[in-house]
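> Sequence and computational prediction follow.
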Amino acid sequence: MSQLEAWEKVLVDNEDGQFGNSTHGIVGCMICHEGDSSSPDMATAHTGLLADPSSADACSTCHAEIEAHDESSLHSTLSGFETVIESRGGDLSEGSLLVEAMGNHCESCHTTCGQCHVSRPDSADGGFLDGHEFEGTPSMTNNCTACHGSRVGDEYLGQNSGVKADVHRRKGMQCYTCHSVELHGSGELEADRYHNSESISCEDCHSDVIGTNATNTYHQIHYNILSCQVCHSVEYKNCYNCHVEQSEEGTCYYVTDPSVMGFEVGLNPIQSVDRPYEYVVLRHVPVSPATFASYGDNLLPDFDATPTWKYATPHNIQLNTPQNDGCNYCHGQEQIFLMPDDVAADELEANEDVIVRQVPGVPSE
Amino acid sequence: MKRVLWLLLSVLVVSVFGAVGCSEVTPDSTVSVVNQCLQCHTDEATLQELAVEEEDPEAEASSGEG
């Protein structure tokens, strides 16, 4: 993603009335942005201006149905953060230290209608996507991977050293090809992205090769035992030890350890009807007992209640992978599985339910 | 009596056209408002002169992949 100069970020493309005559242009700037357009003075004109009107529900005037639905989406609520913090015993009651920390550090990831459909997200420094044109489909590079870049984006686009781009990317698919309706939420508050009734699944497109009637023997044998990624994903980033801090000047920032490439198969921590697999791919997430230590002591008192190796769906799918080259490339291969030795000593208890103690043996002929 | 009726009818017609004329002014003023804002925001030179790059102390202080 190329960087925009400050002036480029607010340059409206109105050549030949392109924007002024568009549906959104005709209603007039002040309808959405407020401010005072009658003044030729910049400061006065910008008094009361809403740079991102969608953050003040301006879109609901015309798009009430979509906006009402979107209010429950993870992009709006960030409820995934709350889910994991509460699962580790964090206190998110009003006025708590963690609510303050969330406001300072986590809510910059919140996005609005405008930050997907008009501008780049604020967390990626903003700026119009295309001269204030409204884009029905967000841009993969300027919107989606602007936020979801370091893991998903790098995987999907093949930017991790030695790892090819995802096969779907190589077929020319954009994020939106798979992730469409779910991005506006399911209409119900979601605990995290794996609990969204609108989520896409591999079966939605590949039903002909998945299941007990599949012609592929491996697919028949492993159906609902392995998630698709166990056989079709390759090395991905794992992140460790995110700490949030505040400088004396009040600047909020974070520090994480360098990411580590790896591939670990473990036991499914969120087994359900929709995700019945026994084995799944696990990714270490950037959390530690001291993540919020700068705000107070022991703010995650039940840290071990949730694994630090989390259910993952790496976006680097390949048809052929080292582990699906034959039975013996997975069965009996401890290096593929998350074994006790792969887990930091102080995280063993947290990951008790996902660590593999006994690697599946080599099948008999 | 007939003249009075014609007079009343004329007044009514003028009033109706007058009202229509007023309502037509509204979109014009909207368009002029749009143009007023667009005057600066479509002018590269003006924006280059006035736009200020905001500092991002959070990004500068942070390290590692977010």
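Looks like it came in fine. Residues are numbered from 1 along each chain as shown, chains lettered A, B, ... in the order given.

> which outside residues touch the helix or strand containing A:Cys231?
Taking DSSP states H and E as the criterion, the element that holds A:Cys231 is helix A:228-232. Residues from elsewhere that reach helix A:228-232, judged by Cβ atoms under 8 Å, 6 or more residues apart in numbering or on different chains: A:202, A:210, A:218, A:222, A:265, A:277, A:279-281, A:312-314, A:317-319, A:321, A:323-324, A:330. In this view, the C-beta of every residue, glycine as well, is placed from N, C-alpha and C.

> Which of those fall within helices?
Counting by DSSP state H, those place A:218, A:222 in helices.

> before we move on, back to that, buried residues of the helix holding A:Cys231, list them for me.
A:228-232 (16 or more other Cβ atoms under 10 Å in any protein chain shown).

> can you put those residues in JSON lines and add pLDDT?
Converted to JSON lines, these look like this (pLDDT from 0 to 100):
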{"residue": "A:Cys228", "pLDDT": "97"}
{"residue": "A:Gln229", "pLDDT": "98"}
{"residue": "A:Val230", "pLDDT": "98"}
{"residue": "A:Cys231", "pLDDT": "98"}
{"residue": "A:His232", "pLDDT": "98"}
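
> residue ranges with poor pLDDT in chain B?
Chain B contains residues with pLDDT under 70 at B:1-35.

> Kindly report the residues of it close to chain A.
Within reach of chain A by Cβ under 8 Å from any Cβ of the partner chain, chain B has these residues: B:30-31, B:33-38, B:40-42, B:44, B:47-48, B:50-54, B:56-58, B:61-66.

> what residues does the stretch 51-200 of chain A put near chain B?
Counting by Cβ under 8 Å from any Cβ, the stretch 51-200 of chain A comes close to chain B at A:108, A:125, A:132, A:150-151.

> Report the buried residues of stretch A:263-278.
Residues of stretch A:263-278 classed as buried by neighbour count (16+ other Cβ under 10 Å): A:263-269, A:275, A:277.

> for the record, mean pLDDT for that stretch?
For stretch A:263-278, mean pLDDT rounds to 96.

> who touches it?
By Cβ under 8 Å, 6+ apart, the residues outside stretch A:263-278 that reach it are A:194, A:201, A:224-227, A:230, A:233-236, A:238, A:279-283, A:307, A:309-311, A:323, A:330, A:336-338, A:342, A:351, A:353-356.

> Can I have the buried ones of those residues as a ChimeraX selection?
Per 16+ other Cβ under 10 Å, the buried members of the contacts of stretch A:263-278 correspond to this ChimeraX selection:
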select /A:194,226,227,230,233,234,235,236,238,279,280,281,282,283,307,309,310,311,323,330,336,337,338,342,351,354,355,356
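
> Which parts of the stretch 51-200 of chain A are helices?
For the stretch 51-200 of chain A, the helices defined by DSSP state H, counting those that start in this stretch occupy A:64-70, A:74-77, A:79-87, A:97-101, A:114-117, A:145-147, A:154-156, A:167-170, A:175-178.

> how near is the residue nearest the centre of chain A to chain B?
The residue lying closest to the centre of chain A (Cα atoms, centre = their mean) is A:His148, at 5.4 Å. Separation of A:His148 from chain B (Cβ to the nearest Cβ, to the nearest Å): 10 Å.

> Please see if the lengthiest strand in chain A touches chain B.
Counting by DSSP state E, the longest strand found in chain A is strand A:279-284. No. Judged by Cβ under 8 Å from any Cβ, strand A:279-284 makes no contact with chain B; its nearest approach is 12.6 Å.

> Which strands and helices lie in contact with that strand?
Identification of packing neighbours for strand A:279-284 by 3 or more Cβ pairs under 8 Å, 6 or more residues apart in numbering or on different chains; DSSP states H and E yields helix A:228-232, strand A:236-238, strand A:264-267, strand A:309-311.
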